[in-house]
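[1] After the sequence you'll find the predicted model.
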Protein chains: 2
Amino acid sequence: MLLAPGDAPARPVTLRSAPLRSAEIKATVVYPATEKHLRKYLRQPVHLVRESADDYERITLPFVRAQALSLQWVYNILEKKAEAERIVYENPDPQDGFVLLPDLKWNQSQLDDLYLIALVRRRDLMSLRDVTAEHLPLLRNILREGQAAIAGRFGVAASQLRVYLHYPPSYYHLHVHFTALGHEAPGCAVERAHLLADVLDNVARDGRHYQRRALACALRDDEPLLRLFREAGRL
Amino acid sequence: MLLAPGDAPARPVTLRSAPLRSAEIKATVVYPATEKHLRKYLRQPVHLVRESADDYERITLPFVRAQALSLQWVYNILEKKAEAERIVYENPDPQDGFVLLPDLKWNQSQLDDLYLIALVRRRDLMSLRDVTAEHLPLLRNILREGQAAIAGRFGVAASQLRVYLHYPPSYYHLHVHFTALGHEAPGCAVERAHLLADVLDNVARDGRHYQRRALACALRDDEPLLRLFREAGRL
């Protein structure tokens, strides 16, 4: 279903066949879906752009500011207006706190494809590009407390988790992915994923690493942002 | 088939059903196979270790030196004693040159799973841990000339390639992977793959980046190196 952008806050909703059976089918229904959501699920050629710091300021940031999807569904979770019963762990600190909950791609009936998301409480961090030395306490909390919470609740040790950020993210409110290391989760390939432990080391060494450095930016053929990179002669 | 280590240089050999059919089956036969080869193809839990520079010197490097598999099959390719007809491109410089050829996992009958390997000519670089500012010309050659050769031969643009190194590698002679960006190649996940473009930026900024920094090290449950990390209390 196609709606005009802004019609309603969109949040993917998982429908599942009732009791666990050996031939269970898991389906994800996105409602309401914008054209951007539809594109996300179509197979498309992908291009890798090397986004310099200057590209980010001149091309990506203005684009993201102009056309971001609503983040109301994130704020609803943070304010416990939605999905409060799904929260696995939370750190309530307004600056350095976060909420950890299962990703909707994980049905929680087995650990093989374990997938959780940590959403930061503060609302001023869009992506890895905004992360500086100031955010080290927040990111350390997410890594340590997130790992401990997952070990406590699901019995999966820290050494069996892949903890990472996407760049570019699919929504511009800073969040961290926790997936089972044995699960080849979509988006865990090197051109999109950044291990949180590497992010911590990079920022500890240079507080402005993510404002200074070029980042890989994998963009689908039909993404408007790719057209902007093409027009700027950057592809 | 199990042979004692050192019995013969081992190189995976691909057997393929003859002409292309819709139901073609591709099989990889490793002969002769050591116990280490067998383990590589068994499904095993994986653990992520954070290998510090000190861990590398004290744990990993002595282990690798003591028990590396023979590299004779690499030297045979470099010396054109084997697979000479498969070479896609070569730069003959003894210090900054390399040989580019299709990986044996790619049967070359379609571009979806394109996979090539660049083997450096010099024999003194075991892995990313040995890469310093001195090797920037070599690595830049591999990136630029490798991309150009693949565009020329296969018509795949640089922006549709994932160019990366593995850490830890499966053999300790420095090599670079070129895979189709749309192909979720084994080993392209963030805990093992390092984009060559990022390696170049890291080394250009700090010539000893890979001797100083911690690196993710994904090890299978049955790998002897994991036992050493466990015994050292690093897991």
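    Yep, it's here.

[2] CA atoms for contacts and neighbours, from now on please.
    Noted.

[3] any chance you could map the strands in chain A?
    A:11-16, A:26-31, A:46-51, A:89-91, A:98-102, A:115-120, A:161-166, A:175-180, A:193-195, A:215-220 (DSSP state E).

[4] wait, which of those strands is closest to B:Ala84?
    Closest to B:Ala84 of the strands of chain A, according to CA to CA: strand A:46-51, at 31.2 Å.

[5] what comes into contact with the closest one?
    With contact meaning CA atoms under 8 Å, 6 or more residues apart in numbering or on different chains, strand A:46-51 is reached by A:191, A:214-221, A:229, A:234-235, B:159-162, B:181-182.

[6] Flag every buried residue along it.
    Across strand A:46-51, burial judged by 16 or more other CA atoms under 10 Å in any protein chain shown covers A:Val46, A:His47, A:Leu48, A:Val49, A:Arg50, A:Glu51.

[7] So which residues on chain A come close to chain B?
    Neighbours of chain B within chain A, by CA under 8 Å from any CA of the partner chain: A:45-49, A:159-162, A:181-182, A:184, A:188-191, A:193-195, A:198, A:215, A:235.

[8] how about the helices of chain A, start to end?
    A:35-40, A:53-55, A:61-67, A:72-78, A:136-154, A:196-205, A:209-212, A:224-231 (DSSP state H).

[9] Now do the longest one: which elements does it pack against?
    It stands for helix A:136-154. Packing contacts for helix A:136-154, counted by 3 or more CA pairs under 8 Å, 6 or more residues apart in numbering or on different chains; DSSP states H and E, involve helix A:196-205.

[10] in chain A, which helix or strand is least confident?
    Across the helices and strands of chain A, the lowest-confidence element by mean pLDDT, DSSP states H and E is strand A:11-16, at a mean of 50.

[11] quick one on the thing from earlier: got the helices of chain A as a markdown table, with mean neighbour count columns?
    Formatted as a markdown table, the helices of chain A follow (neighbours: other CA atoms under 10 Å in any protein chain shown):
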| stretch | mean neighbour count |
| --- | --- |
| helix A:35-40 | 14 |
| helix A:53-55 | 16 |
| helix A:61-67 | 12 |
| helix A:72-78 | 17 |
| helix A:136-154 | 17 |
| helix A:196-205 | 17 |
| helix A:209-212 | 18 |
| helix A:224-231 | 15 |
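
[12] Pipe these into a markdown table and attach mean pLDDT per row.
    Listed next are the helices of chain A as a markdown table, based on pLDDT from 0 to 100:
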| stretch | mean pLDDT |
| --- | --- |
| helix A:35-40 | 70 |
| helix A:53-55 | 98 |
| helix A:61-67 | 93 |
| helix A:72-78 | 96 |
| helix A:136-154 | 98 |
| helix A:196-205 | 98 |
| helix A:209-212 | 98 |
| helix A:224-231 | 96 |
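
[13] got a list of what the nearest residue to A:Leu200 once chain neighbours are set aside touches?
    Leaving out its chain neighbours, the residue that sits closest to A:Leu200 by CA to CA, 6 or more residues apart in numbering or on different chains is A:Leu136, at 6.7 Å. Under the criterion of CA under 8 Å, 6+ apart, the neighbours of A:Leu136 are A:Leu200, A:Val203, A:Ala204.

[14] The second one and A:His209 touch, don't they?
    Think A:Val203. Yes - contact criterion CA atoms under 8 Å: A:Val203 and A:His209 qualify, at 5.8 Å.
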